[in-house]
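K.L.:
Need coordinates for the below:
(one chain, ligands or ions: 1)
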Amino acid sequence: MNIGFLGCGNIAQAMIVGLLDSGLKPSSITVLTRNQKKKKFYEKNSIKRLAVSKANLAKFDFIFLCVKPKDVKDAIEGSGINWENTPLVSVVAGISSQKLQKFANSERVIRIMPTTSAEFGKSITAIYMAERQKKQIIKLIPLLNKIGSTIELSSEKDLHEFTAVVGSGQAFIMEALKQYDDKLLKFSKNRNAASKNLAMFISSIAQHIELNNGIEASIKKIMSPKGTTYSGLKALKKNKISSVFKSAFKAAEKRSKEIQNEY
Ligand SMILES: NC(=O)c1ccc[n+]([C@@H]2O[C@H](COP(=O)([O-])OP(=O)(O)OC[C@H]3O[C@@H](n4cnc5c(N)ncnc54)[C@H](OP(=O)(O)O)[C@@H]3O)[C@@H](O)[C@H]2O)c1
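P.N.:
Numbering: from 1, shown residues only. Okay, here's the model as predicted:
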């Protein structure tokens, strides 16, 4: 398998590290960059580098498009790649398949939405492609499952909501976790110990959910009738915790739709 990454920033690097850690051979990966800014990264990971302008010299099973929305048109059109021979897998938020197809002058376009948790094999990656492109996923899904799990979306519109809830959503939880960070700092020896305690606290939540097969069952295990947890949860519900998150999801979804109209 030969995979190209057009752009080698945050998300491309996270995916590459995750793929290599999962056992993919470094010789299977080529980064297509327009300069040598990321030299340290591709040298450290023993992966190949090809100038974007020479990208048409190699043959790829997929090329992951990993540039910012404003750079999509230049990156696709300026690469000289014959996109009719190479499936384009875009990780870019807010640029529709229709626009990607227009820039690439090819129908072979797939959209995915991974997270930087790909770096440690924990990306929940959404995939959307038109019905006639479905045969491409036979190779793509096993590849993406190496960096976490995959969810196939039946409507492209759902990518906006998915990006808001899963893509941006980790940061929303982190923002809420700042409340715990402050308290744990008070109880811990120093900042380093507080960070370790916070990490243990959060991973224990994930384990609870996995072991008990869901959130409600996990809460039930922690909560006793009329106890401290019961009182705290009642206060959270009274203060409409669900509305706080819903408003963040809506705002992020709205922004994703705006980006679509900007480019
Ligand atoms: N970061 C995330 O958590 C995340 C998650 C999911 C999806 N995404 C999507 O991934 C995309 C990239 O995000 P990022 O955070 O990885 O951005 P980033 O760190 O800024 O990386 C973007 C890369 O694109 C390269 N680039 C720009 N124009 C190019 C061109 N014409 N030809 C070749 N390479 C070009 C840049 O190279 P130079 O060094 O030459 O400037 C840079 O390495 C965004 O569209 C975003 O929606 C990001």
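
K.L.:
wouldn't Glu84 be in contact with Asn105 here?
P.N.:
Yes - look at Glu84 against Asn105 with C-beta atoms under 8 Å: they come within range, at 7.4 Å. Just so you know, the C-beta spots here come from the backbone N, C-alpha and C atoms, and that holds for glycine as well.

K.L.:
Now the residue of the stretch 1-150 of the chain found nearest the ligand: closest residue in space, sequence neighbours ignored.
P.N.:
Closest to the ligand within the stretch 1-150 of the chain is Gly9: 1.8 Å, counting by C-beta to the nearest ligand atom. Closest residue to Gly9 apart from its sequence neighbours, by C-beta to C-beta, 6 or more residues apart in numbering: Cys66 at 6.4 Å.

K.L.:
Show the pLDDT at the spatially most central residue of the chain.
P.N.:
By C-alpha atoms, centre = their mean, the chain has its centre lying nearest to Thr115, at 1.7 Å. Note on Thr115: pLDDT of 95.

K.L.:
ditto for Ile137
P.N.:
For Ile137, the model assigns a pLDDT of 81.

K.L.:
let's number from 50 now, not from 1
P.N.:
Shifting the count to begin at 50 puts that one at Ile186.

K.L.:
Make sure it is actually in contact with Asn194.
P.N.:
No - checked against C-beta under 8 Å, the pair Ile186 and Asn194 is beyond contact range at 11.1 Å.

K.L.:
Tally up the residues packed near the nearest residue to Met272 once chain neighbours are set aside, please.
P.N.:
Residue nearest to Met272 in three dimensions, not counting chain neighbours: Thr278, with 4.1 Å by C-beta to C-beta, 6+ apart. Residues near Thr278, counting by other C-beta atoms under 10 Å, number 14.

K.L.:
Would you confirm that Thr278 contacts Ile271?
P.N.:
Yes - using C-beta under 8 Å, Thr278 is in contact with Ile271, at 5.4 Å.

K.L.:
On the three-state scheme, Gly72 is what?
P.N.:
Under DSSP: H, G, I helix; E, B strand; the rest coil, Gly72 falls in the coil class.
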